[in-house]
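Asks: please work out how this folds:
(chains A, B, C and D)
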Protein chains: 2
Amino acid sequence: MQAPAGTSSITNVAAKANVSIATVSRVLSGKRTKDDDIARRVRAAAEELNYSVNYAASSLRSDTSNTIGLIIPSATDPLSAHLLDELEPTIDVDSQQLLLGIGQTQEIQEERIESLAARNVDGLIIVAASGVDLAATLERYAQHMPIVQVGGRQRSFRTSMVSIDDNAAMEMSIRHLASCGARSVAYLAGNNVSFESAELFAMFHTQVRSYALFTSSEWNKFGEASVQRGFHCTMNLFGNADALDRSDPATAFLRRPEALVCCDDTVAFGAMVALDAMGLSVPDDVRIIGSGDSPLAMTTMPQLTSIRPPVEQIVAESLRLIAAGSHSPAHITLPPQLVVRGSTQV
Amino acid sequence: MQAPAGTSSITNVAAKANVSIATVSRVLSGKRTKDDDIARRVRAAAEELNYSVNYAASSLRSDTSNTIGLIIPSATDPLSAHLLDELEPTIDVDSQQLLLGIGQTQEIQEERIESLAARNVDGLIIVAASGVDLAATLERYAQHMPIVQVGGRQRSFRTSMVSIDDNAAMEMSIRHLASCGARSVAYLAGNNVSFESAELFAMFHTQVRSYALFTSSEWNKFGEASVQRGFHCTMNLFGNADALDRSDPATAFLRRPEALVCCDDTVAFGAMVALDAMGLSVPDDVRIIGSGDSPLAMTTMPQLTSIRPPVEQIVAESLRLIAAGSHSPAHITLPPQLVVRGSTQV
DNA sequence: TTGTATGCGTTATCAG
DNA sequence: CTGATAACGCATACAA
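Replies: Now for the predicted structure:
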């Protein structure tokens, strides 16, 4: 029967191994290189007593909490959920732990930053909620702990930033659509309050021109990321085009898009439902690209081509920057991956 | 300019307020009732110095970490995500923090339990991954900290349990379908390796009989929770029934179900796509009920009726049990809610 | 009610 | 490399 953790302290281990507590501390924390009889005795004693360090004491003395903080807007936010799933197993290997804060608003996110800073986390990773600017608050803490912002645009020279290259994603998307034979394309863009959406909207037009595709100002709308929005936008786009098509099939692609770029997978789902309802075929009549690579993207018919955020690299880079400390902030931009599936290819 | 947290300790506050550190500690921790000049001076000094307690020291001294642990199988698991979003703001109000562990397998979940126990969390909430039995591991720690298991079936008299009354959900579902005019019903059940699925399968049949509905053993299948599974099962169920229907419309409901109960919303999504593809109408021809009340349930056409887990109550009860301590474990079963939407009602 | 003094378990320092 | 000891910041028993 094992003794429960917390029952025994370093003193018990020291006694059992016939060494001083200092030696036990050194052996178990790896600050002692040799692997002689003493080291073995200490490890054996610790094992037998089921000893594990008291983190409170360790943290108090060494001023490092073996804890990293993560702040996200919501666990139902796909990017945040993926980050969580990727981050947790990655950090736990070297016996660190994850302290989580969740908040959608500027006020709550700032509150969480302060809470986690008060906990003396060894590093802080933040996914800012849409429309929230944390630069001022973060700068106040940047000298005391490494801070990594994931996504977003606010630039600070005191905090690190790991962001996703959405422009590259747009380029990849348009290039792919062109190579699939699409001659015209529409963009169901994100919410227009955000600067990012506007920038992507411009990038869309740049790339469309660059690949000599056609688009129309009437096709491209800002809006929320929901299935319903995708459905309604698509119904409006294609709803009364059928009659026109018959007039001249050769120029039909000028009256309705042969491809849809969606700001989000859910929008793409709605679009696919609408196209199905109108008897249009994906990908033969219309090619569709989503964004986020949600698990559901693989479960539609056909499966949805989607932009996958580089979560593994984001996590790896964030942890690297945190390990590097707060005195070497860096701004890193990572390209996402275009996962090609049936919605753009036969 | 505010001084960053962690710069000043209780000693600084005591000096500035002209009192002893003991008094500061008592005032700030609320163990001193009066609100006289001393209390005001202390609070003012703390505010001015932007003081916040050193949790490591506090934890070491008082043997309580002001931290509660949560272990979930994955952040992309809908129930876990909802739990996170509900739990985090609820606990943070009294300045506790959330330590998160994620693991899909027995081994990893046990590892997380041990890690969090070593961190001396004030309480542990666990969503066991499907097919994982943590009873043995949990019992080892149950005397040292309050443990609440959410969902699942393993019963232990040392740990608390808050579970969802799936049987009640099934009863509500079948009753609702009967009241909507369905005469026959099929069940796209969950994975058959789990005891819960088998029990629910039995409950389905009991309720179907109780409401005098018809079902067929060929209709009801175990399977995974995915859109594709829902799609294929539904295609098989209805695919070749059209020809038969014309033979005798009065008994058509014996050859194909007029309602579908799905173990998961994703399965229901797949079923809706399949029905749409076959030209069958929801809810006129077939009524559909999902489970989980995922955000996407509101974005289908028509919107999906679904079983919503009582997340708010789960969180409230879990925290109550943790506050009550480890010496009063309880088993609580909470009824879910049937959210009626367009997929079962016109 | 207030202040003084002790100890929580660990790591850092320093002398051997 | 090892051991003895100080110090981390706080909460609390105890004395005033």
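Asks: where does the prediction get shaky in the stretch 151-300 of chain A?
Replies: Within the stretch 151-300 of chain A, the ranges that satisfy pLDDT under 70 run A:240-247.
Asks: how about the residues of it by chain B?
Replies: Within the stretch 151-300 of chain A, the positions near chain B by Cβ under 8 Å from any Cβ of the partner chain are A:226-228, A:231, A:266, A:269-270, A:273, A:276-277, A:295-296, A:299-300. All C-beta spots, glycine's among them, are computed from the backbone N, C-alpha and C.
Asks: report the separation between the residue nearest the centre of chain A and residue A:310.
Replies: Nearest to the geometric centre of chain A sits residue A:79, at 3.9 Å (Cα atoms, centre = their mean). Using Cβ to Cβ, to the nearest Å, residue A:79 is found at 11 Å from residue A:310.
Asks: then residue A:195?
Replies: Residue A:195 sits 22 Å away from residue A:310, going by Cβ to Cβ.
Asks: between the two, who's got more neighbours?
Replies: The neighbour comparison of residue A:195 against residue A:310 (other Cβ atoms under 10 Å in any protein chain shown) goes to residue A:310, with 16 against 12.
Asks: domains for chain A, by residue range?
Replies: Domain assignment of chain A by automatic domain parsing yields the ranges A:10-53, A:63-165+A:311-338, A:166-308+A:339-344.
Asks: is it possible to export these to JSON lines including distance to residue B:167?
Replies: Formatted as JSON lines, the domains of chain A follow (distance: least, Cβ to Cβ, whole Å):
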{"stretch": "domain A:10-53", "distance to residue B:167": "40"}
{"stretch": "domain A:63-165+A:311-338", "distance to residue B:167": "27"}
{"stretch": "domain A:166-308+A:339-344", "distance to residue B:167": "28"}
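Asks: turn the ones you listed into JSON lines, including distance to DNA strand C.
Replies: Shown next, in JSON lines, are the domains of chain A (distance: least, Cβ to the nearest atom of the strand, whole Å):
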{"stretch": "domain A:10-53", "distance to DNA strand C": "3"}
{"stretch": "domain A:63-165+A:311-338", "distance to DNA strand C": "8"}
{"stretch": "domain A:166-308+A:339-344", "distance to DNA strand C": "40"}
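Asks: indicate which one of these is closest to DNA strand D.
Replies: domain A:10-53 (3.3 Å; Cβ to the nearest atom of the strand).
Asks: surely the residue nearest to the centre of chain A touches residue A:293?
Replies: No. Contact between residue A:79 and residue A:293 fails when scored by Cβ atoms under 8 Å: they sit 10.1 Å apart.
Asks: shared neighbours of those two, anything?
Replies: Counting by Cβ atoms under 8 Å, 6 or more residues apart in numbering or on different chains, the contacts common to residue A:79 and residue A:293 are residue A:309.
Asks: now the strands for the stretch 51-200 of chain A?
Replies: In the stretch 51-200 of chain A, the strands defined using DSSP state E, counting those that start in this stretch lie at A:67-72, A:97-102, A:123-127, A:147-150, A:160-164, A:186-188.
Asks: rewinding a little: who wins for proximity to residue B:44 among the domains of chain A?
Replies: domain A:63-165+A:311-338 (19.1 Å; Cβ to Cβ).
Asks: the closest one spans what distance, first to last residue?
Replies: 43 Å (Cα to Cα, to the nearest Å).
Asks: how far out from the middle of the chain is that domain?
Replies: From the chain centre to the centre of domain A:63-165+A:311-338 is a distance of 11 Å (Cα atoms, centre = their mean, to the nearest Å).
Asks: could you do stretch A:261-276 as well?
Replies: For stretch A:261-276, the distance to the chain centre is 21 Å (Cα atoms, centre = their mean).
Asks: for the stretch 1-150 of chain A, what are the low-confidence residue spans?
Replies: Checking the stretch 1-150 of chain A against pLDDT under 70 turns up A:1-7, A:93-94.
Asks: can you rerun that using 50?
Replies: A:1-4 (pLDDT under 50).
Asks: in it, which spans are helices?
Replies: Along the stretch 1-150 of chain A, the segments classed as helices by DSSP state H, counting those that start in this stretch run A:10-17, A:21-28, A:37-48, A:55-62, A:78-92, A:106-118, A:135-142.
Asks: need the winner for burial among the ones you listed.
Replies: Burial of those is given as mean neighbour count (mean count of other Cβ atoms under 10 Å in any protein chain shown); helix A:78-92 ranks first at a mean of 21.
Asks: export that helix as CSV, just CAs?
Replies: C-alpha atoms of helix A:78-92 as CSV (Å, rounded to 0.1, in the frame of the first residue of the first chain):
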residue,chain,number,x,y,z
PRO,A,78,-12.0,26.2,-31.4
LEU,A,79,-8.5,27.7,-31.4
SER,A,80,-8.4,27.9,-27.6
ALA,A,81,-9.6,24.3,-27.3
HIS,A,82,-6.9,23.1,-29.6
LEU,A,83,-4.3,25.1,-27.8
LEU,A,84,-5.4,23.6,-24.5
ASP,A,85,-5.3,20.1,-25.8
GLU,A,86,-1.9,20.6,-27.3
LEU,A,87,-0.4,22.7,-24.5
GLU,A,88,-1.3,20.7,-21.5
PRO,A,89,0.5,17.5,-22.3
THR,A,90,3.5,19.4,-23.6
ILE,A,91,4.1,21.3,-20.5
ASP,A,92,3.4,18.6,-18.0
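Asks: elements contacting it?
Replies: strand A:67-72, strand A:97-102, strand A:123-127, helix A:311-324, strand B:97-102, helix B:106-118 (3 or more Cβ pairs under 8 Å, 6 or more residues apart in numbering or on different chains; DSSP states H and E).
Asks: how about the residue nearest to the centre of chain A, nearest residue that isn't a chain neighbour?
Replies: Distance criterion Cβ to Cβ, 6 or more residues apart in numbering or on different chains; nearest residue to residue A:79, sequence neighbours excluded, is residue A:309 at 5.7 Å.
Asks: so the one you found sits against residue A:336, correct?
Replies: Yes. Contact criterion Cβ under 8 Å: residue A:309 and residue A:336 qualify, at 5.4 Å.
Asks: which residues are common contacts for those two?
Replies: Common contacts of residue A:309 and residue A:336, defined by Cβ under 8 Å, 6+ apart, comprise residue A:164.
Asks: and residue A:338, which helix or strand is it part of?
Replies: Using DSSP states H and E, the secondary-structure element containing residue A:338 is strand A:337-339.
Asks: list of residues touching stretch A:152-161?
Replies: With Cβ under 8 Å, 6+ apart, stretch A:152-161 has contacts from A:127-128, A:133-135, A:138-139, A:142-143, A:146-150, A:163, A:195-196, A:318, A:321, A:326, A:329-332.
Asks: among these, name the buried ones.
Replies: A:127-128, A:134-135, A:138, A:142, A:146-150, A:163, A:196, A:318, A:321, A:326, A:329, A:332 (16 or more other Cβ atoms under 10 Å in any protein chain shown).
Asks: thinking again about what came up before, can you list the strands that the strand holding residue A:338 pairs with?
Replies: Strand A:337-339 sits in its sheet next to strand A:305-308 (antiparallel), going by DSSP bridges.
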